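Student: Output the structure for:
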Amino acid sequence: MTVGSMAFTTVNEDTFFMQGGISYGPAGPTTNQFYTLDLTQPTWTTVNPPWRARVYPESLNLIAKINKHSISVSPDKQNLTFWADYPGLVLNYTIATDTWTQVPTPSQLTFSSDLHSETDPRTGLVYNPCGYNNVSMGVYNPATQSFTPATSPNGFVNDRFYTFVWSEVRNSFIFFGNTPIRETNPFVEYSTASNKWTALPATGDTPRFRPYNGTKMLLFGGEPSNESSSGSLYILDVPNMIWSQATGLDPSLGRSAMACAISGDNFIVWGGIRFISGGTPQDAPGAMLIYNIHTGAWTDTFTRGTHFDPNTPNPEPPGKDGKEGDVGSSETKSNAAAIGGGVAGVLVVIALVAFFVIRRRRQTKEKSGNGQRSGDYHQQDQILPSMETSRDNPPSSSFPFDIYSHPKPEDQKSVGYPIPPQKYTAMQESRAELDGRSNSGAASPQLNHFIPPPPPPLLSSLSPQDHIQQLQHQIANRQEKLSTQSPNPQYNPSFNSEISFEEGFRSPRGPQGAGVPVRKNDGVSGNFELQQQINSLQAELNRLQAKLDS
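Tutor: Numbering: from 1, shown residues only. Modelled structure (predicted):
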(Lines give C-alpha, C1' and ligand atoms only; values in the text may rest on other atoms or scores of the structure.)
Protein backbone atom coordinates (compact mmCIF):
# COMPACT_ATOMS: atom_id res chain seq x y z
CA MET A 1 0.00 0.00 0.00
CA THR A 2 1.40 3.39 -0.96
CA VAL A 3 1.87 5.68 2.05
CA GLY A 4 3.71 8.83 3.07
CA SER A 5 5.37 10.11 6.25
CA MET A 6 6.86 6.68 6.92
CA ALA A 7 10.06 5.98 8.84
CA PHE A 8 12.89 4.78 6.64
CA THR A 9 16.63 4.23 6.50
CA THR A 10 19.26 2.45 4.42
CA VAL A 11 21.92 0.16 5.89
CA ASN A 12 25.22 -0.18 4.01
CA GLU A 13 23.45 0.68 0.75
CA ASP A 14 22.33 -2.97 0.78
CA THR A 15 18.93 -2.85 2.46
CA PHE A 16 16.25 -0.16 2.34
CA PHE A 17 13.92 -0.25 5.40
CA MET A 18 10.46 1.37 5.44
CA GLN A 19 7.90 1.14 8.25
CA GLY A 20 4.49 2.63 9.00
CA GLY A 21 3.16 5.75 7.35
CA ILE A 22 -0.15 7.32 6.50
CA SER A 23 -2.36 6.74 3.47
CA TYR A 24 -4.78 9.26 2.01
CA GLY A 25 -6.50 6.51 0.03
CA PRO A 26 -9.38 4.22 1.01
CA ALA A 27 -7.06 1.97 3.04
CA GLY A 28 -5.92 4.85 5.29
CA PRO A 29 -5.19 6.59 7.39
CA THR A 30 -2.32 4.62 9.05
CA THR A 31 -0.59 1.32 8.43
CA ASN A 32 1.80 -0.93 10.31
CA GLN A 33 3.38 -2.32 7.15
CA PHE A 34 7.10 -3.02 7.40
CA TYR A 35 9.04 -3.78 4.22
CA THR A 36 12.64 -4.06 3.14
CA LEU A 37 13.98 -3.64 -0.37
CA ASP A 38 16.94 -5.84 -1.32
CA LEU A 39 19.56 -3.60 -2.94
CA THR A 40 22.10 -6.40 -3.39
CA GLN A 41 20.28 -7.88 -6.39
CA PRO A 42 22.24 -7.37 -9.65
CA THR A 43 19.30 -5.82 -11.48
CA TRP A 44 15.53 -5.42 -11.29
CA THR A 45 12.83 -3.16 -12.64
CA THR A 46 10.29 -0.94 -10.96
CA VAL A 47 7.57 -3.32 -12.17
CA ASN A 48 8.81 -6.07 -9.84
CA PRO A 49 11.11 -4.70 -7.12
CA PRO A 50 12.51 -7.23 -4.60
CA TRP A 51 10.34 -6.31 -1.61
CA ARG A 52 10.25 -8.44 1.51
CA ALA A 53 7.48 -8.12 4.10
CA ARG A 54 8.56 -8.15 7.74
CA VAL A 55 6.31 -9.12 10.65
CA TYR A 56 5.83 -8.07 14.26
CA PRO A 57 4.99 -10.00 17.40
CA GLU A 58 1.36 -9.56 18.43
CA SER A 59 2.44 -7.75 21.59
CA LEU A 60 3.54 -4.79 19.49
CA ASN A 61 0.11 -3.89 18.13
CA LEU A 62 0.71 -0.24 19.06
CA ILE A 63 3.07 0.04 16.12
CA ALA A 64 0.03 0.05 13.82
CA LYS A 65 -0.60 3.67 14.82
CA ILE A 66 2.81 5.02 13.89
CA ASN A 67 3.59 7.62 11.24
CA LYS A 68 5.77 10.73 11.11
CA HIS A 69 8.44 8.93 13.14
CA SER A 70 12.11 8.10 12.62
CA ILE A 71 14.70 5.33 12.75
CA SER A 72 18.21 5.48 14.19
CA VAL A 73 20.86 2.88 13.31
CA SER A 74 23.33 1.38 15.78
CA PRO A 75 27.04 1.97 15.08
CA ASP A 76 27.55 -1.70 14.16
CA LYS A 77 24.61 -1.53 11.69
CA GLN A 78 22.99 -4.55 13.37
CA ASN A 79 20.08 -2.87 15.14
CA LEU A 80 17.45 -0.27 14.31
CA THR A 81 15.67 1.83 16.91
CA PHE A 82 12.21 3.14 16.05
CA TRP A 83 11.40 6.45 17.71
CA ALA A 84 7.68 7.10 17.73
CA ASP A 85 7.67 10.13 19.99
CA TYR A 86 3.93 10.09 19.43
CA PRO A 87 2.37 7.93 20.91
CA GLY A 88 5.54 7.62 23.02
CA LEU A 89 6.95 4.30 21.82
CA VAL A 90 10.58 3.20 21.48
CA LEU A 91 11.39 -0.17 19.87
CA ASN A 92 14.63 -1.97 19.05
CA TYR A 93 14.77 -4.24 16.02
CA THR A 94 17.61 -6.73 15.52
CA ILE A 95 18.10 -7.22 11.79
CA ALA A 96 19.82 -10.61 11.77
CA THR A 97 17.27 -12.36 14.00
CA ASP A 98 14.19 -10.39 12.94
CA THR A 99 13.33 -9.79 16.60
CA TRP A 100 11.79 -6.84 18.43
CA THR A 101 12.32 -5.47 21.92
CA GLN A 102 10.28 -2.71 23.50
CA VAL A 103 12.46 -0.14 25.26
CA PRO A 104 11.25 1.74 28.34
CA THR A 105 10.13 5.13 27.06
CA PRO A 106 12.00 8.00 28.75
CA SER A 107 9.57 10.06 30.81
CA GLN A 108 11.05 13.28 29.40
CA LEU A 109 10.57 12.23 25.76
CA THR A 110 8.54 14.88 23.93
CA PHE A 111 5.06 13.56 23.14
CA SER A 112 4.89 14.68 19.53
CA SER A 113 5.24 13.58 15.91
CA ASP A 114 7.68 14.76 13.24
CA LEU A 115 10.74 14.55 15.47
CA HIS A 116 13.93 12.85 14.31
CA SER A 117 16.57 10.82 16.12
CA GLU A 118 20.08 10.13 14.89
CA THR A 119 23.07 8.17 16.22
CA ASP A 120 26.59 9.44 16.76
CA PRO A 121 28.44 6.35 15.45
CA ARG A 122 31.53 7.17 17.48
CA THR A 123 29.75 6.95 20.83
CA GLY A 124 26.47 5.16 20.12
CA LEU A 125 24.53 8.02 21.74
CA VAL A 126 21.25 8.96 20.06
CA TYR A 127 20.38 12.66 19.67
CA ASN A 128 16.80 13.93 19.33
CA PRO A 129 16.32 17.69 18.71
CA CYS A 130 13.34 19.02 20.67
CA GLY A 131 12.99 15.55 22.11
CA TYR A 132 13.56 16.48 25.74
CA ASN A 133 10.39 17.87 27.34
CA ASN A 134 9.72 19.90 24.19
CA VAL A 135 12.34 22.47 25.19
CA SER A 136 15.77 21.04 24.38
CA MET A 137 17.58 18.27 22.58
CA GLY A 138 17.49 14.86 24.21
CA VAL A 139 20.48 12.50 24.33
CA TYR A 140 19.74 8.80 24.81
CA ASN A 141 22.36 6.34 26.03
CA PRO A 142 21.33 2.82 24.94
CA ALA A 143 23.77 1.21 27.37
CA THR A 144 22.26 2.84 30.46
CA GLN A 145 18.83 3.75 28.98
CA SER A 146 19.36 7.26 30.34
CA PHE A 147 17.89 10.31 28.62
CA THR A 148 19.50 13.68 29.31
CA PRO A 149 19.15 17.21 27.89
CA ALA A 150 21.74 18.84 25.65
CA THR A 151 22.31 22.44 24.64
CA SER A 152 19.75 23.88 22.25
CA PRO A 153 19.70 27.50 21.05
CA ASN A 154 16.78 29.47 22.43
CA GLY A 155 13.72 29.18 20.21
CA PHE A 156 15.57 26.88 17.85
CA VAL A 157 14.22 23.36 18.23
CA ASN A 158 10.78 24.11 19.58
CA ASP A 159 9.21 23.21 16.27
CA ARG A 160 8.90 20.20 13.99
CA PHE A 161 9.56 19.18 10.39
CA TYR A 162 13.32 19.21 10.23
CA THR A 163 16.14 16.86 9.28
CA PHE A 164 18.92 15.89 11.65
CA VAL A 165 21.72 13.77 10.22
CA TRP A 166 25.24 12.62 11.03
CA SER A 167 28.11 13.42 8.66
CA GLU A 168 31.24 11.28 8.80
CA VAL A 169 33.15 13.94 6.88
CA ARG A 170 32.63 16.61 9.55
CA ASN A 171 32.19 14.37 12.61
CA SER A 172 29.13 16.40 13.48
CA PHE A 173 25.36 16.57 13.04
CA ILE A 174 23.71 18.70 10.39
CA PHE A 175 20.32 20.22 11.19
CA PHE A 176 18.25 21.29 8.21
CA GLY A 177 14.84 22.88 7.97
CA ASN A 178 12.63 24.41 10.54
CA THR A 179 14.94 26.86 12.27
CA PRO A 180 13.39 30.18 13.28
CA ILE A 181 14.96 31.62 10.12
CA ARG A 182 14.39 28.65 7.86
CA GLU A 183 13.36 30.94 4.99
CA THR A 184 16.85 32.42 4.96
CA ASN A 185 19.18 29.90 6.60
CA PRO A 186 17.97 26.34 7.15
CA PHE A 187 21.40 24.79 7.83
CA VAL A 188 23.20 24.58 11.18
CA GLU A 189 25.80 22.19 12.53
CA TYR A 190 26.03 20.64 15.98
CA SER A 191 29.36 19.36 17.29
CA THR A 192 29.00 16.75 20.02
CA ALA A 193 32.66 17.24 20.93
CA SER A 194 32.27 20.93 21.73
CA ASN A 195 28.51 20.90 22.46
CA LYS A 196 28.23 23.86 20.11
CA TRP A 197 25.82 24.92 17.35
CA THR A 198 27.25 26.71 14.31
CA ALA A 199 25.41 28.44 11.48
CA LEU A 200 26.05 26.94 8.04
CA PRO A 201 24.36 29.44 5.73
CA ALA A 202 24.21 29.17 1.96
CA THR A 203 22.35 30.95 -0.80
CA GLY A 204 19.68 29.47 -2.96
CA ASP A 205 16.56 27.45 -3.40
CA THR A 206 16.55 24.06 -1.71
CA PRO A 207 14.10 21.46 -2.82
CA ARG A 208 15.24 18.25 -1.13
CA PHE A 209 16.69 14.83 -1.77
CA ARG A 210 19.27 12.72 0.10
CA PRO A 211 23.11 12.70 0.25
CA TYR A 212 25.51 10.15 -1.14
CA ASN A 213 29.12 10.01 0.03
CA GLY A 214 29.66 13.67 0.68
CA THR A 215 30.46 15.21 -2.72
CA LYS A 216 27.01 15.79 -4.20
CA MET A 217 23.70 16.62 -2.63
CA LEU A 218 20.57 15.78 -4.59
CA LEU A 219 17.37 17.61 -3.69
CA PHE A 220 14.07 16.19 -4.83
CA GLY A 221 10.37 16.91 -4.49
CA GLY A 222 8.51 18.70 -1.73
CA GLU A 223 6.15 21.61 -2.05
CA PRO A 224 6.50 25.33 -1.42
CA SER A 225 3.89 26.70 0.95
CA ASN A 226 0.37 26.47 -0.48
CA GLU A 227 1.61 25.02 -3.78
CA SER A 228 1.42 21.58 -5.35
CA SER A 229 4.09 18.95 -4.71
CA SER A 230 7.06 19.25 -7.04
CA GLY A 231 8.91 16.72 -9.17
CA SER A 232 12.01 18.89 -9.53
CA LEU A 233 15.54 17.62 -8.92
CA TYR A 234 18.56 19.76 -8.00
CA ILE A 235 22.16 18.73 -7.44
CA LEU A 236 24.67 20.59 -5.31
CA ASP A 237 28.32 19.93 -6.13
CA VAL A 238 29.67 20.23 -2.61
CA PRO A 239 33.37 20.82 -3.39
CA ASN A 240 32.51 23.78 -5.64
CA MET A 241 29.20 24.70 -3.96
CA ILE A 242 27.58 25.03 -7.38
CA TRP A 243 23.90 24.18 -7.79
CA SER A 244 22.62 22.68 -11.04
CA GLN A 245 19.14 21.66 -12.03
CA ALA A 246 18.81 18.10 -13.31
CA THR A 247 16.01 16.58 -15.33
CA GLY A 248 12.92 16.58 -13.16
CA LEU A 249 9.69 14.65 -13.40
CA ASP A 250 6.30 15.52 -14.79
CA PRO A 251 4.34 17.51 -12.16
CA SER A 252 1.86 14.63 -11.92
CA LEU A 253 4.65 12.55 -10.35
CA GLY A 254 5.64 15.22 -7.82
CA ARG A 255 5.43 14.26 -4.16
CA SER A 256 6.30 15.09 -0.56
CA ALA A 257 7.04 12.99 2.56
CA MET A 258 8.35 10.04 0.52
CA ALA A 259 11.02 7.46 1.36
CA CYS A 260 14.38 7.65 -0.44
CA ALA A 261 17.56 5.60 -0.66
CA ILE A 262 20.91 5.57 -2.45
CA SER A 263 22.67 2.43 -3.62
CA GLY A 264 25.61 2.76 -5.99
CA ASP A 265 24.51 4.87 -8.93
CA ASN A 266 20.82 4.57 -8.04
CA PHE A 267 18.66 7.11 -6.26
CA ILE A 268 15.39 5.42 -5.30
CA VAL A 269 12.10 7.12 -4.42
CA TRP A 270 8.99 5.36 -3.15
CA GLY A 271 5.62 6.46 -1.85
CA GLY A 272 4.85 9.90 -0.51
CA ILE A 273 1.97 12.33 -0.42
CA ARG A 274 0.89 14.48 -3.32
CA PHE A 275 -0.31 17.88 -2.18
CA ILE A 276 -2.42 19.72 -4.73
CA SER A 277 -2.84 23.48 -4.49
CA GLY A 278 -6.43 24.15 -3.50
CA GLY A 279 -7.22 20.44 -3.48
CA THR A 280 -7.21 17.39 -1.21
CA PRO A 281 -3.92 15.58 -0.50
CA GLN A 282 -3.56 12.23 -2.26
CA ASP A 283 -1.27 9.22 -2.12
CA ALA A 284 1.58 9.60 -4.59
CA PRO A 285 1.55 7.21 -7.57
CA GLY A 286 2.53 3.73 -6.43
CA ALA A 287 5.28 3.06 -8.96
CA MET A 288 8.85 3.30 -7.68
CA LEU A 289 11.12 5.98 -9.17
CA ILE A 290 14.82 5.53 -9.94
CA TYR A 291 17.28 8.23 -10.96
CA ASN A 292 20.65 7.04 -12.28
CA ILE A 293 23.26 9.48 -10.99
CA HIS A 294 25.87 8.23 -13.47
CA THR A 295 23.79 8.74 -16.63
CA GLY A 296 21.80 11.69 -15.32
CA ALA A 297 18.46 10.17 -16.34
CA TRP A 298 15.35 8.68 -14.76
CA THR A 299 14.96 4.98 -15.48
CA ASP A 300 12.78 1.98 -14.62
CA THR A 301 15.78 -0.32 -14.06
CA PHE A 302 17.98 -0.73 -10.99
CA THR A 303 21.54 -1.87 -11.78
CA ARG A 304 23.71 -2.83 -8.85
CA GLY A 305 27.10 -1.15 -8.61
CA THR A 306 28.72 2.19 -9.19
CA HIS A 307 31.48 3.77 -11.25
CA PHE A 308 34.61 3.60 -9.17
CA ASP A 309 38.35 3.98 -9.80
CA PRO A 310 40.11 1.80 -7.19
CA ASN A 311 43.51 3.27 -8.09
CA THR A 312 42.61 6.76 -6.91
CA PRO A 313 43.72 7.36 -3.29
CA ASN A 314 41.25 8.32 -0.62
CA PRO A 315 41.69 11.52 1.39
CA GLU A 316 42.93 11.31 4.93
CA PRO A 317 40.23 11.41 7.59
CA PRO A 318 38.92 14.85 8.55
CA GLY A 319 39.83 16.07 11.99
CA LYS A 320 42.91 13.84 12.08
CA ASP A 321 44.79 16.64 13.78
CA GLY A 322 42.28 16.55 16.62
CA LYS A 323 40.85 19.96 15.78
CA GLU A 324 37.05 20.24 15.84
CA GLY A 325 34.48 22.87 16.52
CA ASP A 326 34.34 26.55 15.78
CA VAL A 327 33.96 28.13 12.41
CA GLY A 328 36.15 31.19 12.53
CA SER A 329 39.63 29.89 13.23
CA SER A 330 42.01 28.75 10.53
CA GLU A 331 41.73 25.18 11.79
CA THR A 332 37.98 25.26 11.38
CA LYS A 333 38.22 25.50 7.62
CA SER A 334 39.05 21.80 7.46
CA ASN A 335 36.06 20.89 9.60
CA ALA A 336 33.46 23.41 8.52
CA ALA A 337 30.69 22.06 6.31
CA ALA A 338 29.98 20.01 3.25
CA ILE A 339 26.37 20.89 2.62
CA GLY A 340 24.54 24.17 2.12
CA GLY A 341 21.19 25.76 1.37
CA GLY A 342 19.43 28.95 2.43
CA VAL A 343 19.57 32.65 1.69
CA ALA A 344 20.87 35.17 4.23
CA GLY A 345 24.49 35.37 5.26
CA VAL A 346 25.24 32.50 3.01
CA LEU A 347 28.56 33.23 1.41
CA VAL A 348 31.02 33.02 4.25
CA VAL A 349 30.56 29.49 5.58
CA ILE A 350 29.81 28.04 2.17
CA ALA A 351 33.12 29.45 1.00
CA LEU A 352 34.86 27.62 3.81
CA VAL A 353 33.22 24.43 2.63
CA ALA A 354 34.72 24.66 -0.84
CA PHE A 355 38.10 25.57 0.63
CA PHE A 356 38.00 22.56 2.94
CA VAL A 357 37.39 20.05 0.16
CA ILE A 358 39.98 21.49 -2.21
CA ARG A 359 42.66 21.88 0.44
CA ARG A 360 42.12 18.44 1.93
CA ARG A 361 42.50 16.76 -1.43
CA ARG A 362 45.57 18.79 -2.29
CA GLN A 363 47.20 17.72 0.97
CA THR A 364 46.35 14.11 0.19
CA LYS A 365 48.00 14.36 -3.21
CA GLU A 366 51.13 15.91 -1.73
CA LYS A 367 51.41 13.20 0.93
CA SER A 368 50.95 10.50 -1.65
CA GLY A 369 53.75 12.02 -3.72
CA ASN A 370 56.07 11.96 -0.71
CA GLY A 371 55.52 8.24 -0.23
CA GLN A 372 53.23 8.63 2.76
CA ARG A 373 50.09 6.58 3.09
CA SER A 374 47.01 8.45 1.96
CA GLY A 375 44.53 5.59 1.58
CA ASP A 376 44.01 4.62 5.22
CA TYR A 377 40.71 6.38 5.45
CA HIS A 378 37.90 4.59 3.67
CA GLN A 379 34.97 5.65 5.78
CA GLN A 380 31.85 6.51 3.83
CA ASP A 381 29.78 9.59 4.55
CA GLN A 382 26.45 8.78 6.10
CA ILE A 383 23.52 8.99 3.72
CA LEU A 384 21.40 11.84 4.91
CA PRO A 385 17.81 11.00 5.80
CA SER A 386 14.71 12.98 4.94
CA MET A 387 14.73 16.73 5.03
CA GLU A 388 11.30 17.90 6.04
CA THR A 389 9.48 21.11 6.74
CA SER A 390 5.75 21.62 6.96
CA ARG A 391 3.26 23.78 5.16
CA ASP A 392 1.41 24.00 8.47
CA ASN A 393 4.28 25.68 10.31
CA PRO A 394 5.26 29.12 8.98
CA PRO A 395 8.71 30.41 9.86
CA SER A 396 9.32 32.68 12.80
CA SER A 397 10.04 36.31 12.07
CA SER A 398 13.19 36.63 14.15
CA PHE A 399 16.29 34.65 14.96
CA PRO A 400 18.90 34.93 17.72
CA PHE A 401 22.05 35.10 15.60
CA ASP A 402 24.27 35.58 18.65
CA ILE A 403 23.73 31.97 19.73
CA TYR A 404 25.86 30.78 16.84
CA SER A 405 29.54 31.12 16.11
CA HIS A 406 30.32 32.88 12.83
CA PRO A 407 33.48 33.23 10.76
CA LYS A 408 35.81 36.11 11.53
CA PRO A 409 36.47 38.60 8.70
CA GLU A 410 40.18 37.72 8.69
CA ASP A 411 39.29 34.08 7.94
CA GLN A 412 37.29 34.91 4.84
CA LYS A 413 40.23 35.43 2.49
CA SER A 414 41.07 33.24 -0.49
CA VAL A 415 37.82 31.35 -0.31
CA GLY A 416 35.46 30.72 -3.21
CA TYR A 417 31.78 31.59 -3.08
CA PRO A 418 29.00 29.33 -4.32
CA ILE A 419 26.23 29.61 -6.87
CA PRO A 420 23.26 27.81 -5.29
CA PRO A 421 19.78 27.34 -6.68
CA GLN A 422 17.40 30.22 -7.02
CA LYS A 423 15.55 31.94 -4.17
CA TYR A 424 15.19 29.80 -1.08
CA THR A 425 11.72 28.39 -0.73
CA ALA A 426 10.91 26.16 2.22
CA MET A 427 10.22 23.02 0.23
CA GLN A 428 7.95 20.88 2.32
CA GLU A 429 8.74 17.27 3.11
CA SER A 430 11.11 16.54 0.25
CA ARG A 431 14.24 14.43 0.34
CA ALA A 432 18.02 14.75 0.01
CA GLU A 433 20.96 12.44 -0.80
CA LEU A 434 24.73 12.89 -1.28
CA ASP A 435 26.67 11.52 -4.23
CA GLY A 436 30.37 10.88 -4.89
CA ARG A 437 31.35 10.49 -8.51
CA SER A 438 34.33 9.52 -10.69
CA ASN A 439 35.40 10.95 -14.03
CA SER A 440 36.49 7.48 -15.12
CA GLY A 441 34.31 6.21 -17.94
CA ALA A 442 31.29 8.18 -16.83
CA ALA A 443 28.83 9.65 -19.24
CA SER A 444 28.10 13.29 -18.60
CA PRO A 445 24.60 13.69 -17.12
CA GLN A 446 22.28 15.99 -18.97
CA LEU A 447 22.27 18.76 -16.42
CA ASN A 448 21.47 22.36 -17.12
CA HIS A 449 23.82 24.72 -15.34
CA PHE A 450 21.54 26.59 -12.98
CA ILE A 451 22.24 30.31 -12.58
CA PRO A 452 20.47 31.74 -9.52
CA PRO A 453 19.75 35.34 -8.64
CA PRO A 454 22.46 37.30 -6.82
CA PRO A 455 23.42 36.06 -3.35
CA PRO A 456 22.40 38.08 -0.28
CA PRO A 457 24.84 40.00 1.96
CA LEU A 458 27.46 38.28 4.09
CA LEU A 459 26.92 37.47 7.74
CA SER A 460 30.05 39.41 8.60
CA SER A 461 30.28 43.12 9.31
CA LEU A 462 32.32 43.95 6.18
CA SER A 463 31.31 47.13 4.40
CA PRO A 464 30.34 46.86 0.70
CA GLN A 465 33.63 48.54 -0.27
CA ASP A 466 35.66 46.08 1.80
CA HIS A 467 33.67 43.23 0.37
CA ILE A 468 34.36 44.43 -3.19
CA GLN A 469 38.10 44.66 -2.48
CA GLN A 470 38.04 41.18 -1.01
CA LEU A 471 36.25 39.78 -4.05
CA GLN A 472 38.69 41.47 -6.43
CA HIS A 473 41.60 40.02 -4.49
CA GLN A 474 40.12 36.52 -4.57
CA ILE A 475 39.39 36.72 -8.30
CA ALA A 476 42.96 37.84 -9.00
CA ASN A 477 44.38 35.00 -6.90
CA ARG A 478 42.31 32.39 -8.72
CA GLN A 479 43.09 33.79 -12.17
CA GLU A 480 46.79 33.66 -11.38
CA LYS A 481 46.52 30.10 -10.10
CA LEU A 482 44.47 29.13 -13.13
CA SER A 483 47.10 30.45 -15.54
CA THR A 484 49.98 28.68 -13.78
CA GLN A 485 48.51 25.24 -13.05
CA SER A 486 46.85 24.48 -16.38
CA PRO A 487 48.36 21.42 -18.12
CA ASN A 488 46.87 22.56 -21.42
CA PRO A 489 48.85 25.32 -23.21
CA GLN A 490 45.71 26.20 -25.15
CA TYR A 491 43.74 26.81 -21.98
CA ASN A 492 42.56 30.38 -21.74
CA PRO A 493 42.12 31.72 -18.17
CA SER A 494 39.42 34.06 -19.43
CA PHE A 495 37.37 31.08 -20.59
CA ASN A 496 33.86 31.88 -19.41
CA SER A 497 31.54 29.21 -20.76
CA GLU A 498 29.25 27.37 -18.42
CA ILE A 499 30.56 23.92 -17.57
CA SER A 500 28.48 21.12 -16.15
CA PHE A 501 29.77 20.41 -12.68
CA GLU A 502 29.67 16.69 -13.46
CA GLU A 503 32.26 17.32 -16.18
CA GLY A 504 34.27 19.52 -13.86
CA PHE A 505 34.43 17.25 -10.84
CA ARG A 506 33.55 13.70 -9.99
CA SER A 507 34.53 11.44 -7.13
CA PRO A 508 34.25 7.66 -7.12
CA ARG A 509 32.47 5.27 -4.85
CA GLY A 510 33.41 1.72 -4.05
CA PRO A 511 32.12 -1.38 -5.83
CA GLN A 512 29.44 -1.85 -3.16
CA GLY A 513 28.87 1.83 -2.56
CA ALA A 514 31.98 2.24 -0.41
CA GLY A 515 34.77 4.72 -0.80
CA VAL A 516 35.17 8.41 -0.12
CA PRO A 517 35.55 11.45 -2.36
CA VAL A 518 38.78 11.55 -4.36
CA ARG A 519 40.07 13.58 -7.26
CA LYS A 520 40.83 12.43 -10.79
CA ASN A 521 42.49 14.41 -13.58
CA ASP A 522 43.55 16.98 -11.05
CA GLY A 523 44.79 19.54 -13.56
CA VAL A 524 41.71 19.64 -15.76
CA SER A 525 39.12 19.29 -13.01
CA GLY A 526 41.05 21.83 -10.95
CA ASN A 527 40.81 24.30 -13.84
CA PHE A 528 37.07 23.80 -14.05
CA GLU A 529 36.70 24.31 -10.31
CA LEU A 530 38.77 27.48 -10.34
CA GLN A 531 36.87 28.85 -13.32
CA GLN A 532 33.55 28.15 -11.62
CA GLN A 533 34.77 29.93 -8.50
CA ILE A 534 35.92 32.89 -10.60
CA ASN A 535 32.52 33.05 -12.31
CA SER A 536 30.77 32.95 -8.94
CA LEU A 537 32.99 35.63 -7.44
CA GLN A 538 32.64 37.84 -10.52
CA ALA A 539 28.85 37.56 -10.40
CA GLU A 540 28.86 38.65 -6.76
CA LEU A 541 31.27 41.50 -7.55
CA ASN A 542 29.06 42.73 -10.39
CA ARG A 543 26.03 42.63 -8.15
CA LEU A 544 27.67 44.67 -5.40
CA GLN A 545 29.05 47.24 -7.83
CA ALA A 546 25.65 47.62 -9.48
CA LYS A 547 24.04 48.07 -6.08
CA LEU A 548 26.52 50.78 -5.10
CA ASP A 549 26.02 52.57 -8.42
CA SER A 550 22.22 52.56 -8.10
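Student: List the contacts of the nearest residue to residue 38 once chain neighbours are set aside.
Tutor: Spatially, and ignoring its direct neighbours in sequence, residue 38 is nearest to residue 50 (4.2 Å; Cβ to Cβ, 6 or more residues apart in numbering). In short, each C-beta sits where N, CA and C put it, glycine included. For residue 50, the contacting residues are 37, 38, 41, 44, by Cβ atoms under 8 Å, 6 or more residues apart in numbering.
Student: beta partners for the first one?
Tutor: Just to be clear, that refers to residue 37. Beta-bridge pairing for residue 37 (DSSP bridges): residue 16, residue 51.
Student: pretty sure it is in contact with residue 260, am I right?
Tutor: No. If you go by Cβ atoms under 8 Å, residue 37 and residue 260 don't touch, sitting 11.4 Å apart.
Student: And those two? Which one has more around it.
Tutor: residue 260 (30 against 24; other Cβ atoms under 10 Å).
Student: Okay, and that one sits in which element?
Tutor: Per DSSP states H and E: residue 260 is located in strand 259-263.
Student: do residue 128 as well
Tutor: Assigned by DSSP H and E, residue 128 belongs to strand 126-132.
Student: which other helices and strands contact that strand?
Tutor: Counting contacts by 3 or more Cβ pairs under 8 Å, 6 or more residues apart in numbering; DSSP states H and E, strand 126-132 is packed against strand 79-84, strand 118-119, strand 136-141, strand 146-150, strand 162-167.
Student: mind running it again at 10 Å?
Tutor: strand 70-73, strand 79-84, strand 118-119, strand 136-141, strand 146-150, strand 162-167, strand 172-177 (3 or more Cβ pairs under 10 Å, 6 or more residues apart in numbering; DSSP states H and E).
Student: With distance to residue 3, mean pLDDT and mean neighbour count added, can I get those strands in TSV?
Tutor: Listed next are the helices and strands packed on strand 126-132 as TSV, based on distance: least, Cβ to Cβ, whole Å; pLDDT from 0 to 100; neighbours: other Cβ atoms under 10 Å:
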stretch	distance to residue 3	mean pLDDT	mean neighbour count
strand 70-73	15	90	24
strand 79-84	15	90	22
strand 118-119	22	90	24
strand 136-141	27	88	22
strand 146-150	29	90	16
strand 162-167	19	74	24
strand 172-177	21	75	25
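Student: can you redo the ones you listed as JSON lines with distance to residue 546?
Tutor: Formatted as JSON lines, the helices and strands packed on strand 126-132 follow (distance: least, Cβ to Cβ, whole Å):
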{"stretch": "strand 70-73", "distance to residue 546": "45"}
{"stretch": "strand 79-84", "distance to residue 546": "50"}
{"stretch": "strand 118-119", "distance to residue 546": "43"}
{"stretch": "strand 136-141", "distance to residue 546": "43"}
{"stretch": "strand 146-150", "distance to residue 546": "45"}
{"stretch": "strand 162-167", "distance to residue 546": "36"}
{"stretch": "strand 172-177", "distance to residue 546": "32"}
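Student: Could you pull up the contacting residues of the closest residue to residue 123 other than its chain neighbours?
Tutor: Once flanking residues are discounted, residue 123 sits nearest to residue 192: 7.3 Å by Cβ to Cβ, 6+ apart. By Cβ atoms under 10 Å, 6 or more residues apart in numbering, residue 192 lies in contact with 120, 122, 123, 125, 127, 139, 150, 166, 171, 172, 173, 324.
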